[in-house]
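Asker: Structure here, sequence nowhere to be found:
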């Protein structure tokens, strides 16, 4: 229990890097022997870490070929100059991209394009222009929300999936996640879009914005062979992952967690513009999201320690003694807790903290914890208030933290209410 509180405190206050905090289970267990270290170490390279590594390498090849910019400009050139259409496209576009790509990758890809566009139309000071600030918020909020739309959206989803697989003892199919979560994401996206359209901007339109995107897309010319290769190297494993049920009898061991890595390895072998290859290890190694992998692994290790040490039973007993035994109330509390933690720290840290709590409490009450894990994942993606994690990108672009807090407070409350209603339905 002390380890749980320690890691939660460090993940929230971030006195050291979140990845450093993820190593505490090894440190504590090796010194105090709470749980045998040999049971903790395997959590740091599970099949889910392999999935993240393969997908991350593949998306890095988009940077060397310029595919990420082409995809963004292809969509944005269709946007009209009105502020409402701009906000809708930036938010929806970033939400859709983050369904398949890590949140930070989406924000890091789209924010420079948004800044360049605003520079071109002479309105790039987010501290003075609410129009610019709102566009930056649309990118940051959309990138943070869309992650729970599919298992590929981020490490927080894989923490939940790993727990579900441990509880059921069966391989989790990605189509199951989409069937459960995508409808909720669509509802929340519609709510967000309505809210953003009601946000006041100091400009009703951005004259020249559409022309800027059309011209920038034209400058890219025809899609290169390298771009085509990097696109197919990502699309093929995505299709394989989501159609796993159709072919699992042919290659039983090649689960969705492993389909990305062979294509990632192939990207180092194919010809391209990065020192003669599509991507090289020297270029990719410092850009790979190692911290994300360790944070995911640390969450899994923490869950292992909480359950194996008996702490989960203590937590469950405390909740029972508190008199809160209504499953509906507990579900709402898990969603709210996930959102609060995500605002303070990050989506990944929020899910890593909430997951063992959900399993401990609901199992002690004799309830199936799996539905509550899914809703906790939704809560862990509802973060609009503070400039942490993905939202820090908007602040780096010039958005005042006070403005983010002011505009994010109401929509955070609204989305929490909508999520809770969806859970109870």
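Answerer: In hand now; what should we look at? The shown structure was predicted, so the numbers you read here are calculated from the model rather than taken from an experiment. Numbers count the residues shown, from 1 in each chain.

Asker: which regions of the stretch 301-425 of the chain sit below the pLDDT cut-off?
Answerer: For the stretch 301-425 of the chain, the stretches with pLDDT under 70 are 312-313, 315-316, 320.

Asker: scratch that, the stretch 101-250 of the chain
Answerer: Using pLDDT under 70, the stretch 101-250 of the chain drops low at 124.

Asker: need the contact list for residue 421.
Answerer: Counting by C-beta atoms under 8 Å, 6 or more residues apart in numbering, residue 421 makes contact with nothing. Using the backbone N, CA and C atoms, a C-beta is placed for each residue, glycine as well.

Asker: I meant residue 300, not that one.
Answerer: Residue 300 neighbours (C-beta under 8 Å, 6+ apart): 43-44, 46, 48, 159, 162, 352.

Asker: Buried residues, the helix or strand hosting it. List them.
Answerer: If you go by DSSP states H and E, residue 300 is part of helix 290-308. Buried residues in helix 290-308, counted by 16 or more other C-beta atoms under 10 Å: 291-307.

Asker: same check, this time on stretch 208-215
Answerer: Buried-residue list, stretch 208-215, by 16+ other C-beta under 10 Å: 209-210, 212-213.

Asker: How confident was the prediction at residue 283?
Answerer: With respect to pLDDT, residue 283 has a value of 93.

Asker: Verify the stated contact: residue 149 with residue 103.
Answerer: No: counting by C-beta atoms under 8 Å, residue 149 sits too far from residue 103 to count as a contact (11.1 Å).

Asker: Who has more neighbours out of the two?
Answerer: Ranked by neighbour count (other C-beta atoms under 10 Å), residue 149 and residue 103 place residue 103 first, with 30 against 24.

Asker: Provide a list of residues in contact with the more buried one.
Answerer: Per C-beta under 8 Å, 6+ apart, neighbours of residue 103: 143-144, 146-147, 153-154, 347, 389-390.

Asker: and if you look at residue 311?
Answerer: Residue 311 touches 1, 4, 305, 360, counting by C-beta under 8 Å, 6+ apart.

Asker: Buried members of those into PyMOL, please.
Answerer: Applying 16+ other C-beta under 10 Å to those, the buried members can be selected in PyMOL as follows:
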select buried, resi 4+305+360
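
Asker: Nearest to residue 384 among the contacts of residue 311?
Answerer: Lowest distance from residue 384 to those (C-beta to C-beta) belongs to residue 4, with 26.6 Å.

Asker: sorry, back to before: can you flag the buried ones in the contacts of residue 103?
Answerer: Judged by 16+ other C-beta under 10 Å, buried ones among the contacts of residue 103: 143-144, 146-147, 153-154, 347, 389-390.
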